[in-house]
Structure formats: structure tokens, C-alpha cells
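*Asks:* Here is a sequence together with a model predicted from it:
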Amino acid sequence: MNSQDDKKNLLMRGQEFLQLYRKVEGFTQELLKENERLRYRLAALEQEKSTAPCVPPEEVASLRGRLEQLEAEREALLQRYKQVEQENLDFANRYLEIEEENNNLANLYVASFQLHSTLDFKEVVQIVMEIVINLIGAEKFGLMLLDERKGDLYAVSSEGIPREQIPHTKPGEGTIGRVVKEGGPWIAESRPPGPPGAIEPQVVIPMRIKDQLIGAIVIYALLEQKQNFSPLDYELFNLLAGHAATALFASKLYSESERKLSTIQGFLELLKQ
Amino acid sequence: MANFRCLIVEDSPTMRQLIVFALKRIPELDIVEASDGVDALKKLPGQKTDLVLTDINMPIMDGLKLVSLMKGNPLYKEIPVVIITTEGAAEDREKGLALGARAYIPKPIQTNNLLKVVREILGL
């Protein structure tokens, strides 16, 4: 019994060993195949490496040089872009300045055109008043003319203030008189409130033809929204100083000559009868 | 070239010429002038008007009356009106705006401001 059991055990162990051996054999076969595949792969990679193109150092240097050149070009373009942007901004600002100048010239043209558009004295006075209101922005002002016989300035028209309230002034006396005697337009440095009811000139624009005094525009108050004077205002002061004087003088002369002509014509008609 | 008709209502010829001169910079504008509110009402019918610029202080019919009449008339109530006046005080501005005026330009007129307002209203 024992010897039979031993035989069976031995046979079973032999079979187990055989199965194990076959497994090991299979595993070894797989290892050999994998080893062979890897060797092929290694050989292929070595082959690839040996046939891959090699960049020469000169070319690398050249490419680096080109890269640096492109970087420099890019930097230069950026600088140029900034420069053009600044130029663009300068042009835009210049355009605005020219636009402003253009507007001012247009206003001066209109003022000048209107002043010389008529020989009617009343109309010229009206135009001067409109220019002072609409272009300068005065609220209270008077237009004074020189009475050559009496030698004083008197108001022929006013706005925002009764004409009678504007005192007659002799050249050399008071602010107005002093300014008309001295010459150019005068602007008060500050605007003191003064006593109630008192009117103090803020701007005096003497009107002259060469050295001959014709009159003066006296501004006592500006419109509420007019806070300060612009460059156009100073140009208008100069324009009024000259052109208004000529226009007023010419229209006054024309009116007087018309009146004299009609008197003479009437006299001639009388003589004919 | 003119696509828009603009009516300027102003009694002062100097001021009117000044406004016309400024608005001539806008080539799309066809400018029509009126010397007061009544004259403006005579010039409104017949042609389509796209904008009215009016002074407030005028003889015969002032600017506020003109705005009031325009806004009460179905034919003209949609026309945008811009008020131009020497009065800087808020009172006139509020009156005009309450009556239906679109904008307000104080005198002395700044040309740039005038052009800006007109361009904005007409979408130019």
C-alpha cells in the first residue's frame, strides 16, 4: 500500500515539475523574443542616429546672428511706431489749434464784414453793439464817441445800463479818459465789486484812425458765463479799435454829407423858383 | 451733397452770418435763415426741416414762443430745436428745455461747441 502511494506521489510531483518546466520554458521563450525585439529597436535607433543631418556650427552662428538682427529690427519698428504715434498726437493737437484759429478768423471776418457792410450810422452803431454782445460776451457796456466841439466822450448807445448813466469823459480824466489818451485797449486786472450802484469800467477799447481819436467802447460787465478773455477777444479788441473806428467815422461822414447834399439841393431848388 | 435742412432763427444779421459761416463747415447742411419766430414759421412748411437753431430774445416772436408753437404742432413737433441766447442763467435754459428744446448754446457762441451739438443731433 505504501509503495503504491509513494509511486503515485512521485508521479504527481513529476507531472507538476513537468508543467512548471513548460511554463518556465514558455517564459524564457518570451524573454528571448523581447530581447531580440529590443536589440532590433536599438539597432534601428543607432542607424537613425548615424543618418540624421548634423547642423554645422557656422549655420548655428548665422541663425543666431539673423535672430539678433530680427530682434533689432523689431525694436527699431517699435521705436518708430512710438515715434509715429507721438507725431500723430502732435498732428491732432496741431489740427485742433488750427481749427481754433480758423474759427477765430471766421469770427473776425464776419465782424469785419458786418462793420463795413453799410454806411448808415445807426446800422454801424447797431453792428458794433452786436459784435460786443455776441462775440465778446459783454452784458453791460457803452459805445462812446468823441464830441469834437466839446472835446469830450459821450455815449451814443448802451446795453444793460442806461445811456445817461455813462458819464461824459474828457481824454486824460478818469480811467476811460486816461486809456483813450494813452492808446491801446485796457483790461482791468481785477474786478472789484465797488460801492452799490457804481459802475467801474472793466475793459476800455479806444477807437482810433491812426492818431485821431474817434471814440471808445467801455465794458462794465461781462455775461455770467463769460469768465475770462480768450485770444479771440484780444483780436476783437484790436479789430474794433481800428475797423469800428473807420466804419463809424465813414458812416458819420456819409450821413453828414447826405444831409448837406439835401440841404444844398433844397437851396438850389429854392433858387430855381 | 446737402442731406439735412437747418433753419437758423436769429434777428441779429451779424450773429446769423456768424452761425451760417460756422455751419458751412458741415457740407451735409442746407442752411435757411429766418429773422424771427414768425419768419421761421413761414419757412418751415413745404420742405423737410431737420434742425432749428433759434435765438431766444427776438422781436415779433421770441425763440421760446417758436419752440412752444413747434412742439404743439404735429407737423413740426419732432424737429429738434437748439436754443441760442445771451442768457447764461438757468431760467431760460430750463424754460426752453421744458418746452421741448433738445439743447442749449450760450452766447458768445463757441464754434466748436456749435458744430459738436449740430453734428450730435444730426448723427454726423
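*Replies:* Received the coordinates, thanks.
*Asks:* Please, which helix or strand holds residue 65?
*Replies:* Let's take chain A. helix A:57-115 (DSSP states H and E).
*Asks:* let's do chain B instead
*Replies:* Element membership for residue B:65 (DSSP H and E) is helix B:63-72.
*Asks:* And residue B:30, by the same measure?
*Replies:* Assigned by DSSP H and E, residue B:30 belongs to strand B:29-34.
*Asks:* immediately after that strand, which helix or strand?
*Replies:* Where DSSP H and E defines the elements, the next helix or strand beyond strand B:29-34 is helix B:37-43.
*Asks:* Buried residues, that following helix. List them.
*Replies:* B:37, B:38, B:39, B:40, B:41, B:43 (16 or more other CB atoms under 10 Å in any protein chain shown). Where C-beta positions appear, they are placed from N, C-alpha and C, glycine not excepted.
*Asks:* Which residues are in contact with the first one?
*Replies:* Taking CB atoms under 8 Å, 6 or more residues apart in numbering or on different chains as the criterion, residue B:37 is in contact with B:9, B:54, B:58, B:60, B:61, B:62, B:63, B:65, B:66, B:69.
*Asks:* what secondary structure does the nearest residue to it once chain neighbours are set aside sit in?
*Replies:* The shortest distance from residue B:37 to any residue that is not its chain neighbour, by CB to CB, 6 or more residues apart in numbering or on different chains, is 2.8 Å, and that residue is residue B:61. The local conformation at residue B:61, judged by DSSP: H, G, I helix; E, B strand; the rest coil, is coil.
*Asks:* Dump the worst-scoring helix or strand of chain B on mean pLDDT to CSV, restricted to CA.
*Replies:* Using mean pLDDT, DSSP states H and E, the weakest-scoring helix or strand in chain B turns out to be helix B:90-99, at a mean of 80. Listed next in CSV are the C-alpha coordinates belonging to helix B:90-99 (Å, rounded to 0.1, in the frame of the first residue of the first chain):
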residue,chain,number,x,y,z
ALA,B,90,-30.5,128.5,-15.8
GLU,B,91,-34.0,130.0,-16.0
ASP,B,92,-34.2,130.4,-19.8
ARG,B,93,-32.4,127.2,-20.4
GLU,B,94,-34.9,125.3,-18.3
LYS,B,95,-37.8,127.1,-19.9
GLY,B,96,-36.6,126.1,-23.4
LEU,B,97,-35.7,122.6,-22.4
ALA,B,98,-39.1,122.1,-20.7
LEU,B,99,-40.8,123.3,-23.9
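*Asks:* Now do that helix: distance to the chain's middle.
*Replies:* Computed by CA atoms, centre = their mean, to the nearest Å, the chain-centroid distance of helix B:90-99 equals 14 Å.
*Asks:* For stretch A:245-265, which outside residues touch it?
*Replies:* Here stretch A:245-265 makes contact (CB under 8 Å, 6+ apart) with A:115-116, A:118-121, A:123-125, A:127-128, A:145, A:207-209, A:214-215.
*Asks:* same question for it, mean pLDDT?
*Replies:* Summarised as a single mean, pLDDT over stretch A:245-265 is 91.
*Asks:* For that stretch, buried residues please.
*Replies:* Taking 16+ other CB under 10 Å as the neighbour-count basis, stretch A:245-265 is seen to contain the buried residues A:245, A:246, A:247, A:248, A:249, A:250, A:251, A:252.
*Asks:* likewise stretch A:209-219?
*Replies:* Under the neighbour-count criterion of 16+ other CB under 10 Å, stretch A:209-219 has A:213, A:214, A:215, A:216, A:217, A:218, A:219 buried.
*Asks:* Assign the fourth one to helix, strand or coil.
*Replies:* Using three-state DSSP as the criterion, the local structure at residue A:216 reads strand.
*Asks:* Enumerate the residues of chain A near chain B.
*Replies:* Among all residues of chain A, those adjacent to chain B (criterion: CB under 8 Å from any CB of the partner chain) are A:99-100, A:103, A:106-107, A:109-111, A:113-114, A:127, A:130-131, A:133-137, A:139, A:223-226.
*Asks:* what residue is smack in the middle of chain B?
*Replies:* Here the mean C-alpha position of chain B is nearest to the C-alpha of residue B:53 (CA atoms, centre = their mean), at a distance of 0.9 Å.
*Asks:* Counting by contacts, list what the one helix or strand it maps to packs against.
*Replies:* In this assignment (DSSP H and E), residue B:53 forms part of strand B:51-55. In terms of contacts (3 or more CB pairs under 8 Å, 6 or more residues apart in numbering or on different chains; DSSP states H and E), strand B:51-55 is packed against strand B:4-9, helix B:37-43, helix B:63-72, strand B:81-85, helix B:111-122.
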